[in-house]
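Asks: Predicted model follows, preceded by the sequence.
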Amino acid sequence: MLPLRSVILIVGALSCHVSQGSPASVQPHTPSTQSIELAGQLDLARLLDLAAKQLNISIDYDAASMKQQTVTIRPTGSIDPRGLWALTNRSLHQRQLTTVQIADMPGVSVVKLEDASKLARIEEPVDLAAIDTSRPWTPTAGFRNFMVRLSFVSPKEAAESLKSVIGRGGDARAIASITPVAGDSQLLLISDVASRVDEAIAILRRIDVAERATAINEVQLTHVTPAQVVTTVTQLAAKRELVSGEKLVGEVIAAPGNGSVLLIAPTRLVPIWKSLIAQADDRDPVETIAYTPRVFAVRDVANLVQQIAPGTAASPDDRFKAVVEEPTGTLLVTGTGAQHERIRDLMERLDSVPGEARRPMRAFSVRNRPVDELLEVLNRLIAAGALNADPASTGTSVSGLSPIPLPVTTSTNPGLGVNIISPVASSPLLPGPQQSFARPSPSMLAAGSQNAGLTLTADQATNTIIAIGETRMLSQLEALLRTLDVRQPQVVLEVILVTLSERDSISIGVELQKLIRDGNTAISLSSLFGLSTVTGTGVTQALSPAAASGFTGAVVRPGDYSAIIRALQSLGDGRTVSLPRVLVANNQRTQFDSLAQEPYGVSFTQGNSNATNVTFGGTLDAGTRLSIKPQIGEGDSLLLDYSISVSSFGEQGSGNLPPSRQVTSVQSLATVPDGHTVVVGGLETSTDSRSTDQLPLISDIPVLGEAFKNRSRNRTRSRFFVMIRASIIRGQSFETLRYLSEDAIRQAGIDDKWPKSTPQVIK
């Protein structure tokens, strides 16, 4: 054995000098195979230099940090380069140091162990099966970021298995590729000292086997829905892990669109998962059967079935389902055989109820319509056979104890074990092609209405319909009343009635008189048209202008001649506007009238007397009459059924006959949007008349003949417009009506007596 001083001298001779802070060059040739002997104390820096020399690698380290760092080596005989490199890295690890290969830098560098994972380069992925342990040894860094590609086990599961191997400061985690290619989804990154990386690889070789590969299996279900199986299996797996302490890796999800589940688990655990799924799916099969109650309403029977059939609260069957088919009065039940047996017992008890207990009495309060009007509608339904007490009277044989014995359409799902039975039959509420119904007599409908299973009576004082009949019939009646007895929206009708009149008349006339005296004889020549009066007598006779409007000119020379000229033109314009507003319910007719009455007399002779007596014969109406019926349509449109009638009196009849009357009317239908105004009537009447009073022959003389004429011309024009604005009121609290009336109430100066709310500040 050489003394310590000799060992140091030998090491010094073999080592190459490395300056402080400067990296040594890396030689491309293989490490030396020469063995050396080491013993005693050795500076850590000198040990690094010796390793660099023997392994032909470049080692970069900080010489200042290596001062006072010594290594004590016990005599162990000769040591080869591989052992020397292991000794060097072990000595560094004891001082929380290690060697790493930094990316794009030659050789290795000595860094702190806690910073090694961040500084060491990440090696290229290597398939676990491709790692060759028999190849010659080459020196590697003391700390590695080693990436391995697995074949069967998931990286997440592999990282969980390596927790006991990875040392302090190391890590093992799955790597998710941003742009995955084939195999990149199975990458595992191991960051640790080289010796532990080798141990981790050895463990991975044992667990990354075909038995641990993840498989996806579809498992068909027989009795239970996929969602229920997933919930149950998840609970069973959690309980199993709690008891055994072993986590059952895998997951069960519901398969879309069919009665199966998808099992995702390692191949070796698939049998255990399938066993749990089979246990969750081990239930009695269910089937769907249609029941038709004979006596009681189908909804009442459905409530009883929901309470009795599903089972106890401790073990409820969530597959049970009862659906009410209102149009056919049928109850569709999905359940197990035991549940259907309980339903059959219930139906048998209900159908055996005594007859006197089948006709209870109920009162239905009618809130939105007159009870007589609603009773009339029900009478028509009863007369048509729409309300029928006995299902058997429709020609359909039914049974409450078994499925409906009618032609059915059956579909079977082998995976679910459910038989769906759909009866093909007419609805008991509507008569079929081979059904006939007895119509009630008029005496029945007068006091109310009745048929074999239902009697109806209306109480006008309380606006109530009293019904006596079988429960099934009363249930049908209640459903009808919910549909018929609804509040109808209202319509505000604002109508503008405008009458425009124009008048233009002109009259021009001339009257002449000439007195001729011959002794005691007086001759008077005159052309008179009613423009003047005659004053005086004999030779003093003369014309005097009559009291009238317009221009009048007179030339009078009593006893000689007189001349009267009159000219008058009359112009007139008139406008009358009426603005009625009314609130009317939907489909109800409202009427506006603005009429004048003209009385007339009747002549008669009493007894043998020739005297004619006149008495009051009545009155005739003339004016404007407007009738509107709004109907709310689709999209808040309004169908207006309107009629307009305008009448006026003409000349008085001869004797005691009533005056003539002219009537103009229009009637039509119009559809308008809610809140819009439409002009529905524009009636116009025009008259143009001319008249001439003249003396024959002489009036035909040009110019001179104008003095012997009386001309008049009359022109009149009247126009009548009707504008209707319809607005729908739908509010249930009638607040809209309040706001619509506020302006009119304010203009009339009336206090509405409604309380006023004012804001207050609360501190």
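Replies: Thanks, I have the structure now. Numbering: from 1, shown residues only.
Asks: Any idea what residue 690 is bridged to?
Replies: Here residue 690 shows beta-bridge partners residue 713, assigned using DSSP bridges.
Asks: Skipping adjacent residues, who's closest to residue 693 in space?
Replies: Closest residue to residue 693 apart from its sequence neighbours, by CB to CB, 6 or more residues apart in numbering: residue 710 at 4.1 Å. (Each C-beta comes from the backbone N, C-alpha and C, glycine too.)
Asks: What residues sit buried inside the helix or strand harbouring that neighbour?
Replies: Taking DSSP states H and E as the definition, one finds residue 710 inside strand 709-729. Across strand 709-729, burial judged by 16 or more other CB atoms under 10 Å covers 709-712, 718, 720-724, 726-729.
Asks: And the helices in the stretch 601-750 of the chain, which stretches?
Replies: 735-748 (DSSP state H, counting those that start in this stretch).
Asks: Low-confidence bits of it, can you list those?
Replies: 604-612, 617, 651-656, 681, 731-740 (pLDDT under 70).
Asks: what are the ranges of the strands in it?
Replies: 612-632, 637-649, 661-673, 677-694, 709-729 (DSSP state E, counting those that start in this stretch).
Asks: Next: the stretch 101-250 of the chain.
Replies: For the stretch 101-250 of the chain, the strands defined by DSSP E, counting those that start in this stretch cover 108-112, 126-127, 143-149, 171-175, 187-193, 214-220.
Asks: go on, the stretch 351-500 of the chain?
Replies: For the stretch 351-500 of the chain, the strands defined by DSSP E, counting those that start in this stretch occupy 361-365, 408-413, 418-423, 449-450, 454-459, 464-469, 490-518.
Asks: Just want the most central residue of the protein.
Replies: residue 635 (15.7 Å; CA atoms, centre = their mean).
Asks: if I look at it, how far off is residue 672?
Replies: Separation of residue 635 from residue 672 (CB to CB, to the nearest Å): 12 Å.
Asks: Then residue 148?
Replies: Remark: distance between residue 148 and residue 672 (CB to CB) = 80 Å.
Asks: Between these two, tell me which one has more neighbours.
Replies: Legend: neighbour count by other CB atoms under 10 Å for residue 148 and residue 672, higher for residue 148 (26 against 18).
Asks: doesn't residue 203 make contact with the more buried one?
Replies: No: using CB atoms under 8 Å, residue 148 is not in contact with residue 203, being 11.3 Å away.
Asks: who does residue 289 bridge with?
Replies: Note on residue 289: beta-bridge partners residue 333, judged by DSSP bridges.
Asks: is residue 683 in a bridge, and if so with what?
Replies: According to DSSP bridges, beta-bridge pairing links residue 683 with residue 720.
Asks: That one: what's it in contact with?
Replies: Residue 683 makes contact with 644, 646, 664, 666, 719-720, according to CB atoms under 8 Å, 6 or more residues apart in numbering.
Asks: Now with 10 Å, please.
Replies: By CB atoms under 10 Å, 6 or more residues apart in numbering, the contact set of residue 683 is 499, 624, 644-646, 664-666, 718-722.
Asks: which stretches of the stretch 151-300 of the chain form helices?
Replies: Secondary structure of the stretch 151-300 of the chain (DSSP H, counting those that start in this stretch): helices at 155-161, 194-207, 226-244, 270-280, 298-308.
Asks: same deal with the stretch 1-150 of the chain?
Replies: 4-14, 44-55, 81-94, 116-119.
Asks: how far is the longest one from where the chain is centred?
Replies: By that I understand helix 81-94. When distances are taken as CA atoms, centre = their mean, to the nearest Å, helix 81-94 is centred 75 Å away from the chain's centroid.
Asks: And the last one, by the same measure?
Replies: Distance of helix 116-119 from its chain centroid, counting by CA atoms, centre = their mean, is 59 Å.
Asks: Check what contacts it and list those residues.
Replies: 96-103, 105, 109, 111-112, 141-145, 169-171, 189, 191-193.
Asks: now the residues you listed: which count as buried?
Replies: For the contacts of helix 116-119, buried by 16+ other CB under 10 Å: 97-101, 109, 111, 141-145, 169-170, 189, 191-193.
Asks: returning to that earlier point: wait, which of the helices of the stretch 151-300 of the chain is closest to residue 287?
Replies: Nearest of these to residue 287, taken as CB to CB: helix 298-308 at 15.1 Å.
Asks: Okay, angle between the very next helix or strand once past that closest one and helix 298-308 too, please.
Replies: Next helix or strand after helix 298-308 toward the C-terminus (DSSP H and E): strand 321-325. Counting by axes from the mean of the first three to the mean of the last three CA atoms, to 10 degrees, strand 321-325 lies at 180 degrees to helix 298-308.
Asks: Could I get the buried residue list for strand 321-325?
Replies: Those would be 322, 324, for strand 321-325 by 16+ other CB under 10 Å.
Asks: ok, what's across the strand from residue 596?
Replies: Beta-bridge partners for residue 596, by DSSP bridges, are residue 622.
Asks: for it, what are its contacts?
Replies: With contact set as CB under 10 Å, 6+ apart, residue 596 has these partners: 619-624, 647-649.
Asks: Residue 130 now?
Replies: With contact set as CB under 10 Å, 6+ apart, residue 130 has these partners: 148-149.
Asks: Ok, residue 253 next?
Replies: By CB under 10 Å, 6+ apart, the contact set of residue 253 is 226-227, 230, 261-264.
Asks: Pick out the most distant pair among these.
Replies: Largest pairwise distance in the contacts of residue 253, by CB to CB, is 16.8 Å, between 227 and 264.
Asks: between these two, which one's more packed in?
Replies: Counted by other CB under 10 Å, residue 227 and residue 264 do not tie: residue 264 has more neighbours, with 15 against 12.
Asks: if we can go back for a sec, would you mind putting the contacts of residue 596 into JSON lines with distance to residue 121 and neighbour count alongside?
Replies: Listed next are those as JSON lines, based on distance: CB to CB, whole Å; neighbours: other CB atoms under 10 Å:
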{"residue": "619", "distance to residue 121": "118", "neighbour count": "13"}
{"residue": "620", "distance to residue 121": "117", "neighbour count": "17"}
{"residue": "621", "distance to residue 121": "111", "neighbour count": "13"}
{"residue": "622", "distance to residue 121": "112", "neighbour count": "19"}
{"residue": "623", "distance to residue 121": "107", "neighbour count": "14"}
{"residue": "624", "distance to residue 121": "103", "neighbour count": "22"}
{"residue": "647", "distance to residue 121": "109", "neighbour count": "17"}
{"residue": "648", "distance to residue 121": "111", "neighbour count": "16"}
{"residue": "649", "distance to residue 121": "116", "neighbour count": "16"}
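Asks: Which pair of those spans the longest distance?
Replies: 619 and 624 (16.8 Å).
Asks: Can you say which of the strands of the stretch 351-500 of the chain is nearest to residue 583?
Replies: When the strands of the stretch 351-500 of the chain are compared by CB to CB, strand 490-518 sits nearest residue 583, at 5.6 Å.
Asks: What's the mean pLDDT across that closest one?
Replies: Mean per-residue pLDDT for strand 490-518: 84.
Asks: Just want the angle from that strand to strand 677-694.
Replies: 10 degrees.
Asks: Which SSE is immediately downstream of strand 490-518?
Replies: strand 521-527.
Asks: Now do the phi/psi pair for the residue lying farthest from the centre of the chain.
Replies: Most distant from the centre of the chain: residue 519, at 113.4 Å, with distances by CA atoms, centre = their mean. Torsion angles at residue 519 (phi, psi; degrees, to the nearest 10) stand at phi 70, psi -120.
Asks: Among the buried residues of strand 709-729, which one lies nearest to residue 508?
Replies: Taking the buried residues of strand 709-729 together and measuring to residue 508 by CB to CB, the closest member is residue 711, at 5.1 Å.
Asks: picking up where we left off before, can you put the strands of the stretch 101-250 of the chain in JSON lines and add mean pLDDT?
Replies: Output for the strands of the stretch 101-250 of the chain, formatted as JSON lines (pLDDT from 0 to 100):
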{"stretch": "strand 108-112", "mean pLDDT": "90"}
{"stretch": "strand 126-127", "mean pLDDT": "86"}
{"stretch": "strand 143-149", "mean pLDDT": "90"}
{"stretch": "strand 171-175", "mean pLDDT": "87"}
{"stretch": "strand 187-193", "mean pLDDT": "90"}
{"stretch": "strand 214-220", "mean pLDDT": "86"}
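Asks: Lovely, talk soon.
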